[in-house]
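S.K.: Return atomic coordinates for the entry below.
(one chain, ligands or ions: 1)
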Amino acid sequence: MNDKERLTRFLARMKQLGGLDEQEYARLNAELDRVAEREGYDARGRFRVAFYDARPYDIESFERCNAERYAIHYISAPLDRETARAARGCKAVCVFVNDLVETDIVRALAEQGVELIALRCAGFNNVDLEACATHGISVVRVPAYSPHAVAEHTVGLMLTLNRRLNHAYVRNRAGSFLLDGLTGFDMHGKTAGIVGTGKIGRCVIEILIGFGCRILAYDTHRDEEVAARPQVEYVEMDRLLRESDIVTLHVPLFPDTHHIIDRAAFDKMKDGVMFINTSRGGLVDTRALIDALKTEKIGLAGLDVYEEEAGIFFRDLSDRVLTDDVLARLLTFNNVMVTSHQGFLTREALQQIAQTTLDNVAEFESGRRAQQLTHCVRAQ
Ligand SMILES: NC(=O)c1ccc[n+]([C@@H]2O[C@H](COP(=O)([O-])OP(=O)(O)OC[C@H]3O[C@@H](n4cnc5c(N)ncnc54)[C@H](O)[C@@H]3O)[C@@H](O)[C@H]2O)c1
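M.R.: Got it, this is the predicted structure:
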């Protein structure tokens, strides 16, 4: 029983005993609600969490895991200067990849009593960690959830692009059963360059080994288990770019990985290379990618992420004009496939994300703060 429930019972008992009149009882109860709200609890004594950018699949997975334990306020809008106010009465907010938790937003949250930012994703490039530390806000994330989800989506993009499945689907439905222009290549025997051999990169490597690919890997931390695979060779980035038929990115977005693939990197790649990014948009200089597509340096590109995706991905903009000229240009290429950051979107990953996020909130509610929290993220 929490404090709120205990006091509610106490008040009820006092009323029974005739120690309180109706008016006094109502006044004390209202005061109790105000105290509970200040402390981040709702009238039923449940810890309140403001959940931004909530989509139906989020609500479904979180509600299944939550089972009424927390009072989760689902807000369909992303976190921004306006919507930050919706966190009033909540000590915890839950955000996703495109909620920009910048300095002034952190301040606004802190002013309302927010003490925990729970990212329901692995990446934390969208959060100003220094500002959080300054304002005493703890930040937690979901460091690992089904890496298979993203790895399988990555390979899905490769196969779709290679075998022109997107074109075949549209063409057949329009009544054209021609094969002209649909020629792909055998994945077997091709060289795949994997940039980043962490959890997701490793899964991609295993799938591609299954296809019979030769793997060139690049990472600042060599994984000995990966290196022991006879099909894998760790190489410098330059060699990976020069020799790979497919280049796929699986590194986080940090200041030192921002535009890790720039104009110079595209220049080093094989002519007609397949390029895949399911990691973070900021890893790639998108204008340089567009130029590389125009010169046919890039033969096929699969993108699940885009530098300026915030405000576009996860939204229905079908009744509006697309004002982002760079994305609009990308979408005109018939050898580019864009998905809207859906690599994580499997039932298994959603369930794991919900479970870890609620465990993170439970740790905070139990009194742990900052580095006492298992999945804490801090400024370096
Ligand atoms: N599309 C999606 O839905 C989706 C979902 C989850 C994760 N992601 C992205 O995938 C990324 C990878 O996820 P993960 O779980 O494999 O992470 P991870 O931490 O397990 O692996 C990242 C790897 O990158 C390496 N690395 C870091 N900085 C590097 C650098 N400068 N140069 C070379 N290698 C470097 C690390 O050593 C590590 O091995 C995440 O950071 C996230 O951006 C995308």
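S.K.: List the residues that contact the residue nearest to R222 when sequence neighbours are not counted.
M.R.: Closest residue to R222 apart from its sequence neighbours, by CB to CB, 6 or more residues apart in numbering: Y234 at 5.3 Å. Any C-beta I mention is one placed from the backbone N, CA and C, and that applies to glycine too. For Y234, the contacting residues are T197, A217, Y218, D219, R222, V226, A227, by CB atoms under 8 Å, 6 or more residues apart in numbering.
S.K.: Just confirm H73 is within a helix.
M.R.: No: H73 sits outside any helix when classified using DSSP: H, G, I helix; E, B strand; the rest coil, being strand.
S.K.: For it, grab the count of nearby residues.
M.R.: The tally of other residues near H73 (other CB atoms under 10 Å) stands at 19.
S.K.: Where helices are concerned, which of the contacts of Y234 count?
M.R.: V226, A227 (DSSP state H).
S.K.: Of the contacts of Y234, which qualify as buried by neighbour count?
M.R.: T197, A217, Y218, D219, V226 (16 or more other CB atoms under 10 Å).
S.K.: what's the spacing between the second one and R229?
M.R.: Spelled out, it's A217. Separation of A217 from R229 (CB to CB, to the nearest Å): 9 Å.
S.K.: what is in contact with these two at once?
M.R.: Residues within reach of A217 and of R229 at once, by CB under 8 Å, 6+ apart, are I205.
S.K.: and the residue nearest to R44 when sequence neighbours are not counted, what pLDDT?
M.R.: Once flanking residues are discounted, R44 sits nearest to A71: 7.2 Å by CB to CB, 6+ apart. You'll see A71 listed with a pLDDT of 97.
S.K.: ok, now which ones touch A71?
M.R.: Residues in contact with A71 (CB under 8 Å, 6+ apart) are Y41, D42, R44, R46, F47, R48, V49.
S.K.: for the ligand, what are the nearby residues on this structure?
M.R.: When proximity is defined by CB under 6 Å from any ligand atom, the chain lies next to the ligand at 122-123, 147, 150, 196-201, 219-221, 250-254, 256-257, 278-280, 304-305, 341, 343-344.
S.K.: which among those end up buried?
M.R.: 122-123, 147, 150, 196-201, 219, 250-251, 253, 257, 278-280, 304-305, 341, 343-344.
S.K.: In strands, which of those fall?
M.R.: Within those, no residue falls in strands by DSSP state E.
S.K.: Quick check: bridge partners of the residue nearest to R44?
M.R.: When assigned by DSSP bridges, A71 has beta-bridge partners R48.
S.K.: any idea how far it is from L159?
M.R.: When A71 is compared with L159 (using CB to CB), they lie 43 Å apart.
S.K.: Of all the residues in stretch 100-118, which ones are buried?
M.R.: For stretch 100-118, the neighbour count (16+ other CB under 10 Å) marks 100-102, 105-110, 112, 114-118 as buried.
S.K.: Can you give me the end-to-end span of stretch 369-376?
M.R.: 9 Å (CA to CA, to the nearest Å).
S.K.: Neighbours of the closest residue to Q231 other than its chain neighbours, how many?
M.R.: In this structure, Q231 finds its nearest non-sequential neighbour in I209, 5.0 Å apart by CB to CB, 6+ apart. Close neighbours of I209, defined as other CB under 10 Å, add up to 16.
S.K.: so I209 sits in a helix?
M.R.: Yes: checked against three-state DSSP, I209 lies within a helix.
S.K.: picking that back up, pull the most distant pair out of the contacts of A71.
M.R.: Longest distance between any two of these is 13.9 Å, between R44 and V49; criterion CB to CB.
S.K.: Out of those two, name the residue with the larger neighbour count.
M.R.: Using other CB under 10 Å as the criterion, R44 and V49 rank with V49 on top: 26 against 12.
S.K.: list the contacts for the more buried one?
M.R.: By CB under 8 Å, 6+ apart, V49 lies in contact with Y70, A71, I72, H73, C90, A92, V93, C94, A118, V361.
S.K.: Would you map the strands across this protein?
M.R.: For the chain, the strands defined by DSSP E occupy 48-51, 71-74, 92-95, 116-119, 138-140, 191-195, 214-218, 232-234, 246-249, 273-277, 298-303, 336-338.
S.K.: for the fifth one, what is the average pLDDT?
M.R.: Averaging the model's pLDDT scores along strand 138-140 yields 98.
S.K.: what does it rub up against?
M.R.: Contacts for strand 138-140 (CB under 8 Å, 6+ apart): 115-119, 124, 127, 129, 132, 360, 363-364, 369-370, 373-378.
S.K.: Mark which of the residues you listed are part of helices, please.
M.R.: Per DSSP H, the contacts of strand 138-140 map to helices at L129, C132, N360, E363, F364.
S.K.: ok, the third one - contacts?
M.R.: Right, the one you point to is N360. N360 makes contact with A118, V140, R141, V142, L373, T374, H375, according to CB under 8 Å, 6+ apart.
S.K.: hmm, which of those are the buried ones?
M.R.: Among the contacts of N360, the ones that count as buried by 16+ other CB under 10 Å are A118, V140, R141, V142, L373, H375.
S.K.: pretty sure the last one contacts T357?
M.R.: No: with contact defined as CB atoms under 8 Å, H375 does not reach T357; the gap is 9.1 Å.
S.K.: so what's in contact with these two at the same time?
M.R.: Common neighbours of H375 and T357 (CB under 8 Å, 6+ apart) are V142.
S.K.: Distance of the closest residue to the ligand within the stretch 1-150 of the chain relative to A87?
M.R.: Using CB to the nearest ligand atom, the closest approach of the stretch 1-150 of the chain to the ligand is made by G123 at 4.1 Å. Per CB to CB, G123 is found 21 Å from A87.
S.K.: Next one, pLDDT for T8 please.
M.R.: Per-residue pLDDT puts T8 at 71.
S.K.: let me fix that: R46
M.R.: 95.
S.K.: What sits closest to it if chain neighbours are left out?
M.R.: Using CB to CB, 6+ apart, the closest residue to R46 is A71 (4.1 Å).
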